[in-house]
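Undergrad: this one's sequence-less:
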């Protein structure tokens, strides 16, 4: 038989986790291949890029979607367990299939799919039918990007504070500040006092300095106004006018209101913006596959 689509893997994936134990993704590949009686040639078949098997790619996306809907829990990297909601689903005699339509009943899944408002199945089907090929590519690109950003945050939280500081240096330099990592890195992480985590040159010559504060907090945490006030106080002590406060978490509404009311130029970068910048400037990520769309060059044919 041919390799099932990623949605076909969802229900058997959840069934395997029904025992409530922790399961490794690498073991699930084998169990799901056996479940669908896939031949060795099918298991070994790779994507056009040649970097990953089709089986691993499709099972991986089934896992991602189940996780975003809250039906499974991530214990550690590559290790999963069924959630209470997942048990309800797999024990429901009326449910024998899970697909994207089924998962849209979960707000967390809709949020992941970048749906500002929950749509009905009919509206979604109509939208899909009316989309152009380029619109479909754009939608799926955003899904891939969002998943990568979530993975980046999880990975950053696993790393040491020192690594986080060095990563911030590389990112700021990649954005065009500091001249080079060597120049910028001489100051970062060495101040460690008065609420300043690092200093970086605004330009190659170092005509003005930018002070940094980095908070590696859980992504659901909130950085409030008192933390920003403390950072601004440090800027005053250094007679500095510019600062960047970077966190893996979120900022409160009052924190944003405060920075908009002061004469210091303070930029707040939350976890979402941080991973968006890492994605844009290729920090901590690498190209997996590049697709180039082309159009007719009418100028070429004009004589």
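TA: In hand now; what should we look at? Just so you know, these numbers come straight off a predicted model, no measurement behind them.
Undergrad: ok, the closest residue to residue 15 other than its chain neighbours - contacts?
TA: The shortest distance from residue 15 to any non-neighbouring residue, by CB to CB, 6 or more residues apart in numbering, is to residue 90 (5.9 Å). Quick note: C-beta positions are derived from backbone N, CA and C, even for glycine. Residue 90 makes contacts with 11, 14, 15, 17, 18, 82, as judged by CB atoms under 8 Å, 6 or more residues apart in numbering.
Undergrad: From the residues you listed, list just the buried residues.
TA: Buried residues within those, defined by neighbour count using 16 or more other CB atoms under 10 Å: 11, 14, 17, 82.
Undergrad: Just the ones of those in helices?
TA: Taking DSSP state H, the ones among the buried ones among the contacts of residue 90 that sit in helices are 11, 14.
Undergrad: Dump the buried ones among the contacts of residue 90 to CSV, plus pLDDT and distance to residue 204.
TA: CSV is the format used below for the buried ones among the contacts of residue 90 (pLDDT from 0 to 100; distance: CB to CB, whole Å):
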residue, pLDDT, distance to residue 204
11, 94, 57
14, 93, 54
17, 94, 53
82, 94, 54
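Undergrad: Skip the chain neighbours and tell me the closest residue to residue 262.
TA: Closest to residue 262 by CB to CB, 6+ apart is residue 232, at 6.2 Å.
Undergrad: Phi first, then psi, for the nearest residue to residue 208 once chain neighbours are set aside.
TA: In this structure, residue 208 finds its nearest non-sequential neighbour in residue 202, 4.5 Å apart by CB to CB, 6+ apart. Here is the backbone geometry of residue 202 (degrees, to the nearest 10): phi -70, psi -30.
Undergrad: And the pLDDT for residue 202?
TA: The per-residue pLDDT reported for residue 202 equals 78.
Undergrad: Low-confidence regions, the stretch 151-300 of the chain specifically.
TA: Within the stretch 151-300 of the chain, the segments meeting pLDDT under 70 span 179-195, 205-206.
Undergrad: can we see that at 50?
TA: Along the stretch 151-300 of the chain, the model assigns pLDDT under 50 to residues 186-187, 191.
Undergrad: The stretch 1-150 of the chain too?
TA: Residue ranges of the stretch 1-150 of the chain with pLDDT under 50: 115-126.
Undergrad: change it to 80
TA: 1, 47-51, 77, 113-140 (pLDDT under 80).
Undergrad: Please, where are all the helices along it?
TA: 10-16, 25-35, 40-44, 54-68, 84-90, 100-103, 107-112, 121-130, 133-158 (DSSP state H, counting those that start in this stretch).
Undergrad: Would you mind saying which of those helices lies nearest residue 247?
TA: Closest approach to residue 247 among these is made by helix 133-158 (10.6 Å; CB to CB).
Undergrad: If anything else comes up later, I'll come back, but that's it for now.
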